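# Provided below for reference: sequence and predicted model.
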Amino acid sequence: MLIWRYIFRAHIAPFIFGTATIMALFLMQVLINWIDKLAGKGLDIFTIVEFIVLSLSWIVVLAVPIGVLFSTLMAYGGLSSTHETTIFKASGMGLFTMMVPSVIGGLALWAFVFWYTDNVLPDSNLRLSTMMRDINRTKPTFAVEAGQFTTQIEGYTILARDMDTAGTMYGVTIYDNSRADQQNIVNADTGKLGFSPSSTRLIVQLSSGEIHQVNRRRPMDYRTITFARHQIAMPSDRFFYEQSDPTGSSRGEREMRISDMQEIVDRSSAIVAVSDRVTDSLLRGHIAWLSGKGANGATDTQTALLRAQSTVIS
């Protein structure tokens, strides 16, 4: 009917607006909670966009019902304010007839959300949870500031008293506590920072300095080494974002389909059934033993009394 199409079209714009508004509000909340981790760990733009898209995947499920409510109120409220509902009633259309487009649209959206929640959302939630763990494990972007101690690398403390715009450090002191039995204090006039080709090591190129070595077990064993050029390789694990494969991750209830949860229920039910059968068999055997039954199935009263007394005493 033309009137049904007219009523249905009145829902479209409010639904889009309401759903988009709720999604924007939820997304802003997510970004506020994660902005320091997304911006402070050197993530590329594609990783950030993927994080936003995966976050929107679960926000959609929450936003669609609110969008339906908003569109229904706006559509029928608009029809009522322009007295169109009065015209519909005057033409013989009842209230339930006017609700048919909303009911059909609601059922269609329910079917879509049900399919989406069972087929798309579990995998996207798994990818998002894996990405969140990877981002949390990633260390903040490595940076050395003039006049401040840098302790981002475990076992090392770096101090650069001055730096130029090219990144050259002046008056460099490095405290090497990576070894349990020895401490190295390295002083150099200048130094440059860089990463190895595989990005697994931080390379410090030093010029014109000396190394002071102290044996922790024998404090009197002290050495000084002078160098013109010296290179120190430090571990730089997790300074760069590394995406894990989500297929090997365990799934929680938010990452499982209905079939996956049903499989767990069936498996648990089978385990409970086996446990019940074993328990029932043990109880029957113990009751038979207490009743004094012999191998032939006959009951001996004296034997039953002796067994009951021994059980009470123990």
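That came through fine.
# residue closest to the middle of the chain?
Most central in the chain under C-alpha atoms, centre = their mean is S129, positioned 2.5 Å from the mean C-alpha point.
# now the host helix or strand of N136: buried residues?
Secondary structure from DSSP states H and E places N136 in helix 121-137. For helix 121-137, a neighbour-count test (16 or more other C-beta atoms under 10 Å) marks 121-131, 134-135 as buried. C-beta here means a position set from N, CA and C on the backbone, and glycine is covered the same way.
# next SSE downstream of it?
Trace forward from helix 121-137 with DSSP H and E and the next one is strand 149-150.
# what helices and strands are in contact with that next one?
Under the contact definition 3 or more C-beta pairs under 8 Å, 6 or more residues apart in numbering; DSSP states H and E, strand 149-150 sits against strand 156-163.
# which elements pack onto the strand it packs on?
Looks like strand 156-163 contacts strand 149-150, strand 169-176 (3+ C-beta pairs under 8 Å, 6+ apart).
# sheet-wise, list the partners of it with their directions.
Strands that pair with strand 156-163, judged by DSSP bridges, come out as strand 149-150 (antiparallel), strand 169-176 (antiparallel).
# gap between the nearest residue in space to G78 that is not next to it in sequence and A75?
With C-beta to C-beta, 6 or more residues apart in numbering as the criterion, G78 has its nearest non-adjacent residue at 6.3 Å, and that residue is A10. To A75, A10 is 4 Å away according to C-beta to C-beta, to the nearest Å.
# could you export the helices and strands packed on strand 156-163 as JSON lines, including mean neighbour count and distance to L54?
Listed next are the helices and strands packed on strand 156-163 as JSON lines, based on neighbours: other C-beta atoms under 10 Å; distance: least, C-beta to C-beta, whole Å:
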{"stretch": "strand 149-150", "mean neighbour count": "14", "distance to L54": "33"}
{"stretch": "strand 169-176", "mean neighbour count": "19", "distance to L54": "39"}
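# going by mean pLDDT, which of those strands comes out lowest?
Looking at the helices and strands packed on strand 156-163, the lowest mean pLDDT belongs to strand 149-150 (a mean of 86).
# contact partners of it?
Contacts of strand 149-150 with the rest of the structure, by C-beta atoms under 8 Å, 6 or more residues apart in numbering, involve F142, A143, V144, T157, I158, L159, A160.
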